[in-house]
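[1] I would like to see how this sequence folds:
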Amino acid sequence: MQRRNFLKLSGLSVGAAVSGSSIAGLLVSTTSCKKEHHIGLMTSPVTVTEGNFSKPLSFPAQAGINQTLTAQATAANLNGSTIPVLGYQPNSLLGPTFRVNNGSAVNIFLQNNLSEHTNIHWHGLKIPALMDGHPDQLAMAGGTFRYQFTINQRAGLSWYHPHPHENTGKQVFQGLAGLFIINDAEEAALNLPSGQYEIPLVIQDKRITTTGIAYNPSMEEVMAGYMGESIVVNGIHSPFAEVATRYYRLRMLNGSNARLYNLAFSNNTDMIIIGNDGGLLKNPVTVKDILIAPGERLDVLVNFSGVPVGTELFLVSKEFAHGGTAQGKQSFNILKFKVAVALTDSFTVPASLSVINSIPASSAVKTRLFDISNAMEHHGVPMNNGMQMRHRINGKLFDSSRIDENVSANTTEIWVFDNSKGDEPHPMHLHGVFFQVLDRTGGRGDKIASESGWKDTVLVMPGETVRVLVPFENNKGKFVFHCHNLEHEDDGMMLQYQLS
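    This next block holds a predicted model:
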């Protein structure tokens, strides 16, 4: 949402607090706007403050196919103090990490001990619509919900988090999330680093205070997305991990509400991308840095064999372009690695990882265009009228009683996300399906190394238009698609499609 002249025109303070239902009441006057102006707020980056990287990296407990998750107010130690947080298990940010095999029947019981409604969306799982965690499928305060589904998809790294409309951002930011790992025979045959050499990393930013994790977005923070000054990994602020001189598999989730990360290593070592949202790529791709948006996952191999024992190096986020006014302006450290042990490693990176059939664009039976620029002149509203300052798709806000797109089962479509006139990044996520990224025009101008294979979330930077090819199968029902900047989603940047 473009921001020029908003403060002058509206007379509103950027410090005014906004939350939940109050977002809908924000009105701005555009009487003196020229036609080319859009609405928005002047935003600035939230600067990351690094810790001392003295706390060991830890990992959430592992869960199997039968599990109870209790959404609860609890406490966790962050920055040396025990503070109130939300969690799916006592005394911890994040819930347990599920690790299951393809074909498994999963039975998960949600007990909601919060004072508000919640649910769980299984991000990256192709499961029945009634189990997906749609904003209509809620466990009320004190209530329960049982999730039962069978895993029928290839190996990959997925995750889970709440999805109650207007409360998703708060509940995730304050601690409710977890990983969901699927294994299969194809992946096992590659003999990838495993056990202690496979490291799952949930990367998030938080606002840590002595009284808890603060979540009180101002109007400009609703526009840009809510970001924190403290980077936590697996719920640990500023941690370190000891490694040996060998290959490691790092399985990374951007679990932040809004912050993008341009991941790299401080010693410029290679990252070999072997997987993304939808599992293994066809072939490995070597990069020095890679951008990851909220909701996206990366599966990379890193070789520490050439690093002398005693060396310390960092997983970092580098500066990047095209991210609007609030993103990409700072480099900072995320996780410290200490090379502690010399080992001989016989692992070699496979030249081929998986069979992925490219779907021809000509097979698409329909193309749908989604304007995500949030420019007022795209909404057909006269510029001299008042208009709600909201994030929209095709000029529409989320309404669970309205079906926005009707899709036929067992067909392939092209979906086009147009942010060509916008000035905010939008990671667009589709529930219930995976897709292939066809192309990107404007902005960065092309696909990046992690956008081959199968995806469920794609980043559309300001000035960009991205086309994706979506094979809809026979998983009939009502699903949502939305921006995975959680403040944008809660603000209404979410629509529904019916597969029938």
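
[2] sketch out the low-pLDDT regions of the protein for me.
    1-42, 376-388 (pLDDT under 70).

[3] redo that, cut-off 80
    Applying pLDDT under 80 to the chain flags the ranges 1-43, 375-389.

[4] Leu298 bridge partners, please.
    Met252 (DSSP bridges).

[5] use 339 as the first number from now on
    Right, with 339 as the first residue, what we last looked at is Leu636.

[6] contact partners for it?
    Neighbour list for Leu636: 588-590, 601, 611, 613-614, 628, 630, 788 [criterion: CB atoms under 8 Å, 6 or more residues apart in numbering]. Glycine gets a C-beta too; all of them are placed from N, C-alpha and C.

[7] what residue is smack in the middle of the chain?
    Among the residues of the chain, Gly633 comes closest to the average C-alpha position under CA atoms, centre = their mean, at 1.5 Å.

[8] you'd agree His769 is up against Phe817?
    Yes: under the criterion of CB atoms under 8 Å, His769 makes contact with Phe817 at 4.2 Å.

[9] now the common contact residues for those two.
    The contact lists of His769 and Phe817 share 470, 472, where a contact means CB under 8 Å, 6+ apart.

[10] name the residues that touch the helix or strand that Ala579 is a member of?
    Taking DSSP states H and E as the definition, one finds Ala579 inside strand 577-582. Contacts of strand 577-582 with the rest of the structure, by CB under 8 Å, 6+ apart, involve 391-396, 535, 537, 571, 642, 673-681.

[11] which of these fall within helices?
    Here DSSP state H is the test, and these give no hits in helices at all.

[12] which of those residues are buried?
    Neighbour-count burial (16 or more other CB atoms under 10 Å) is assigned, among the contacts of strand 577-582, to 391, 393, 395, 535, 537, 571, 642, 673-677.

[13] what domains does the record give for the chain?
    399-525, 533-679, 697-714+725-837 (automatic domain parsing).

[14] can I get the ones you listed in JSON lines with distance to Val384?
    Below are the domains of the chain laid out as JSON lines (distance: least, CB to CB, whole Å):
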{"stretch": "domain 399-525", "distance to Val384": "13"}
{"stretch": "domain 533-679", "distance to Val384": "4"}
{"stretch": "domain 697-714+725-837", "distance to Val384": "13"}
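
[15] mind checking which of those domains is nearest Ser690?
    domain 533-679 (6.0 Å; CB to CB).

[16] first to last residue in that closest one, what's the distance?
    One end of domain 533-679 to the other measures 16 Å (CA to CA, to the nearest Å).

[17] off-centre distance for it?
    Centroid displacement of domain 533-679 relative to its chain, using CA atoms, centre = their mean, to the nearest Å, is 12 Å.

[18] and what of stretch 760-777?
    The answer for stretch 760-777 is 11 Å, by CA atoms, centre = their mean.

[19] list the buried residues in that stretch.
    So for stretch 760-777, counting by 16+ other CB under 10 Å, buried means 760-776.

[20] end to end, how far does that stretch reach?
    18 Å.

[21] before we move on, the earlier item: to Thr381, which of the domains of the chain lies closest?
    Of all the domains of the chain, domain 533-679 comes closest under CB to CB, at 4.1 Å.

[22] what comes into contact with the longest strand seen in the chain?
    In the chain, taking DSSP state E as the definition, the longest strand is strand 404-416. With contact meaning CB under 8 Å, 6+ apart, strand 404-416 is reached by 420-431, 433-434, 436, 444-453, 456, 458, 477, 500, 509, 513-514, 544, 546, 551, 568, 570, 573, 575.

[23] can you give me the helices for the stretch 489-638 of the chain?
    Counting by DSSP state H, counting those that start in this stretch, the stretch 489-638 of the chain has helices at residues 506-511, 523-526, 557-562.

[24] and the first one, how far out from the chain middle?
    By that I understand helix 506-511. 12 Å.

[25] and it, what does it pack against?
    strand 494-499, helix 824-828 (3 or more CB pairs under 8 Å, 6 or more residues apart in numbering; DSSP states H and E).

[26] mind running it again at 6 Å?
    When contacts are defined as 3 or more CB pairs under 6 Å, 6 or more residues apart in numbering; DSSP states H and E, helix 506-511 packs onto helix 824-828.

[27] what about the helix it packs on, distance to the chain center?
    Here helix 824-828 is found 12 Å from its chain centre; the criterion is CA atoms, centre = their mean.

[28] residues in contact with it?
    The contact list for helix 824-828, computed with CB atoms under 6 Å, 6 or more residues apart in numbering, reads 504, 506-507, 510, 555, 560, 563-564, 595, 729, 820-821.

[29] dump that helix to CSV, keeping only the CA atoms.
    Provided in CSV are the C-alpha atoms of helix 824-828 (Å, rounded to 0.1, in the frame of the first residue of the first chain):
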residue,chain,number,x,y,z
LEU,A,824,0.0,-11.8,9.0
GLU,A,825,-1.0,-8.2,9.6
HIS,A,826,-2.1,-7.9,6.0
GLU,A,827,-4.0,-11.2,6.3
ASP,A,828,-5.8,-10.0,9.5
